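[1] no sequence for this one, just the structure:
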Ligand code: FES
Ligand SMILES: [Fe+2]
């Protein structure tokens with residue numbers, strides 16, 4: 001069996017402040033989704049009730065939402081890993097969603113996910129054997145099927161009757177979409193929510209590659225950074241992309257869509273060298289969906305040429321994963337394009353990681369923040385509104401009502 005953290009090291013080669021890479025023992029399931037306060041969460045001096053709907057301050061500032069850094073949404077799908085990282089007859093152990101999770105692919109090609117902790121005495125099942133159908137624990141050999149139900153306790157004598165199927169390790173619903181595996185976190189329900197999809201790829205053949213970083217912040221901070229257009233000219237500087245000189249006004253139409261919003265299709269701005277050269281022939285569409293998924297398509301003459309999906313998945317309260325899947329539809333060039341695309345994505349993710357690490361230096365002091373500043377900060381505010389509505393809707397057993405209204409946002413970038 002494969003221990004995921006060992007087989008997929010960070011690709012980022014830049015040496016930066018050490019990131020927190022949690023181990024199984026650093027996790028406690030008891031903390032999942034609760035309101036214990038991580039470093040950098042809501043400081044005490046900001047009164048309760050200051051929310052994302054708080055009145056604007058004198059300079060168009062909106063106070064930081066009260067729920068930042070305290071929870072992640074339940075009853076929703078989270079990105080786990082690329083499908084091709086789980087081969088037939090193999091399993092992978094991942095530290096995600098406040099738990100240790102075993103993801104496997106059976107001999108028939110179907111995938112499954114269960115808690116990677118034996119309900120007998122706690123040994124991770126990933127150290128045991130997987131025969132393509134059942135997992136056996138490395139400690140006393142108890143066997144579990146792919147639903148996490150115990151099927152055998154080898155130490156029992158034939159006359160020692162135990163209803164072994166009453167013993168179970170938690171199973172996670174899982175599905176594959178657009179070349180990736182997603183895990184459902186929460187209570188399964190009759191009508192499961194949609195997995196965030198890369199719809200611009202529907203009906204097209206594509207190649208893909210994934211870059212990953214582990215970010216030492218609560219997922220809220222990573223999501224806010226992911227959808228924040230104002231950091232781009234400062235954090236994502238490179239000779240082939242752009243720098244922070246000559247900021248220009250951008251004006252984009254946002255419409256509510258699914259559990260988030262779509263920035264409607266437009267010509268890419270020519271702030272970067274790449275788009276200066278070929279931007280006239282392109283159109284791009286950017287979207288965000290809960291719990292933390294940003295997709296982008298770039299279409300050439302109306303057909304998706306490249307696309308990306310960047311997802312944030314919590315590891316625990318203070319750490320999350322950022323996975324950036326790049327897709328391209330001119331197939332057959334993977335041998336050439338994969339290393340180039342990975343190098344570019346790694347540089348981007350490395351820049352986001354570095355600023356997140358630096359942000360933590362300040363957040364340790366629990367400063368009072370003015371996190372949401374319009375217009376560039378409004379997507380961050382919408383994210384918190386969406387989270388709250390999702391939690392309310394799933395608790396009340398009703399449909400999600402998108403709280404976002406169509407509007408044009410303007411910012412300098
Ligand atoms: S700890 Fe797994 S069988 Fe005992
Ligand atoms: Fe970024």
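    Arrived safely, thanks for sending. These figures come from a predicted structure and were not determined experimentally. Ligands and ions are numbered 1, 2, ... in the order given.
[2] What residues sit buried inside stretch 191-199?
    Neighbour counts using 16 or more other CB atoms under 10 Å place 193, 195-198 of stretch 191-199 among the buried residues. Yep, even glycine has a C-beta here, placed from its N, CA and C like the rest.
[3] got it, and stretch 343-353?
    Neighbour count says stretch 343-353 has 344-353 buried, by 16+ other CB under 10 Å.
[4] Tell me which of the residues you listed fall in helices.
    Counting by DSSP state H, the part of the buried residues of stretch 343-353 found in helices is 344-353.
[5] Averaged pLDDT, the helix or strand encompassing residue 309. What do you get?
    Assigned by DSSP states H and E, residue 309 belongs to strand 303-316. For strand 303-316, mean pLDDT rounds to 95.
[6] tell me the angle the helix or strand just after it makes with strand 303-316.
    Reading on from strand 303-316 to the C-terminus, the next helix or strand found by DSSP H and E is strand 319-328. Here strand 319-328 runs at an angle of 170 degrees relative to strand 303-316 (axes from the mean of the first three to the mean of the last three CA atoms, to 10 degrees).
[7] what's the closest non-adjacent residue to residue 200?
    Closest residue in space to residue 200, ignoring its immediate chain neighbours: residue 297 at 3.4 Å, by CB to CB, 6 or more residues apart in numbering.
[8] got a list of what the one you found touches?
    198, 200-201, 284-285, 304, 306-307 (CB atoms under 8 Å, 6 or more residues apart in numbering).
[9] List the beta-bridge partners for it.
    Beta-bridge partners recorded for residue 297 (DSSP bridges): residue 285, residue 307.
[10] re the thing from before, what would the contacts of residue 297 look like in CSV with distance to ligand 1?
    Shown next, in CSV, are the contacts of residue 297 (distance: CB to the nearest ligand atom, whole Å):
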residue, distance to ligand 1
198, 39
200, 45
201, 42
284, 50
285, 49
304, 47
306, 46
307, 43
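[11] Whether stretch 168-182 contacts ligand 1 - can you check?
    No: using CB under 6 Å from any ligand atom, stretch 168-182 stays clear of ligand 1, with a minimum separation of 9.4 Å.
[12] helix, strand or coil for residue 72?
    Here residue 72 is coil, with the state taken from DSSP: H, G, I helix; E, B strand; the rest coil.
[13] hang on, isn't it packed against residue 314?
    Yes: using CB atoms under 8 Å, residue 72 and residue 314 qualify as a contacting pair, with a distance of 4.8 Å.
[14] Mind listing the shared neighbours of these two?
    In contact with both residue 72 and residue 314: 97, 219, using CB under 8 Å, 6+ apart.
[15] quick one: residue 299 is in a strand?
    Yes: secondary structure of residue 299 (three-state DSSP): part of a strand.
[16] which residue packs closest to it, ignoring adjacent ones?
    Closest residue in space to residue 299, ignoring its immediate chain neighbours: residue 283 at 4.9 Å, by CB to CB, 6+ apart.
[17] what's the closest non-adjacent residue to the spatially most central residue of the chain?
    With distances taken as CA atoms, centre = their mean, the residue of the chain nearest its centroid is residue 312 (2.0 Å). Nearest non-adjacent residue to residue 312, counting by CB to CB, 6+ apart: residue 292, 3.4 Å away.
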